[in-house]
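In: Next come a sequence and a model predicted from it.
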Amino acid sequence: MQGTMTDTYLRSLGFVPTEPATNASRLAFDHAWRYQHHHLALDGLPLFLEHPFGIEGCRLSALAAPLDGRDVFATVALSDQPGLQAAVTAFYAAHGGVGTLAPAPVSSNFRPFHRTE
């Protein structure tokens, strides 16, 4: 079945958004987004899925924001749900299986310094 990556679909695979504003009603879902799988691999590595600006697909990595292509485990088209499921399965197989629950994602919201004067 071909479809698109939606919040509901990604959550059904075990991913949770890394930013609290990401939800099914988010208007800009077709823009950049990042999710983390709620389980670590058995070897302790986390699994992140992101769709960065200007890329016609989503990337799976053990890093939240991989800058080097060597850190990307797999790249799948935004409409390739079977490819995403296969990549998630392959990631866990390569890392010993599914492990414990991952710590809750920490928001990276920038909070500028405010003076209290």
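Out: That came through, no problem. Numbering: from 1, shown residues only.
In: Show the low-confidence segments of the protein, by residue range.
Out: Low-confidence segments of the chain, defined by pLDDT under 70: 1-3, 21-30, 105-117.
In: Could you pull out the strands in it for me?
Out: With strands called from DSSP state E, the chain shows them at 15-17, 33-37, 39-41, 48-51, 57-61, 72-77, 98-101.
In: now these as TSV including distance to residue 5?
Out: Every C-beta, even on glycine, is put in place using the N, C-alpha and C of the backbone. Below are these laid out as TSV (distance: least, CB to CB, whole Å):
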stretch	distance to residue 5
strand 15-17	10
strand 33-37	9
strand 39-41	19
strand 48-51	7
strand 57-61	6
strand 72-77	9
strand 98-101	21
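In: can you redo these as a markdown table with distance to residue 83 and mean neighbour count?
Out: Supplementary listing: those in a markdown table, determined by distance: least, CB to CB, whole Å; neighbours: other CB atoms under 10 Å:
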| stretch | distance to residue 83 | mean neighbour count |
| --- | --- | --- |
| strand 15-17 | 15 | 18 |
| strand 33-37 | 16 | 22 |
| strand 39-41 | 19 | 19 |
| strand 48-51 | 12 | 21 |
| strand 57-61 | 9 | 21 |
| strand 72-77 | 4 | 17 |
| strand 98-101 | 19 | 13 |
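In: Which of those strands sits closest to residue 8?
Out: Across the strands of the chain, residue 8 has its closest neighbour in strand 15-17 (10.8 Å, CB to CB).
In: Output the contacting helices and strands for that closest one.
Out: Using 3 or more CB pairs under 8 Å, 6 or more residues apart in numbering; DSSP states H and E as the contact criterion, the elements in contact with strand 15-17 are strand 33-37.
In: before we move on, the earlier item: residue 85: which of the strands of the chain is closest?
Out: Going through the strands of the chain one by one, with CB to CB as the measure, strand 72-77 comes closest at 9.3 Å.
In: Skip the chain neighbours and tell me the closest residue to the residue nearest the centre of the chain.
Out: For the chain, the residue whose C-alpha lies nearest the mean C-alpha position (CA atoms, centre = their mean) is residue 49; its distance is 2.3 Å. Nearest non-adjacent residue to residue 49, counting by CB to CB, 6 or more residues apart in numbering: residue 35, 4.7 Å away.
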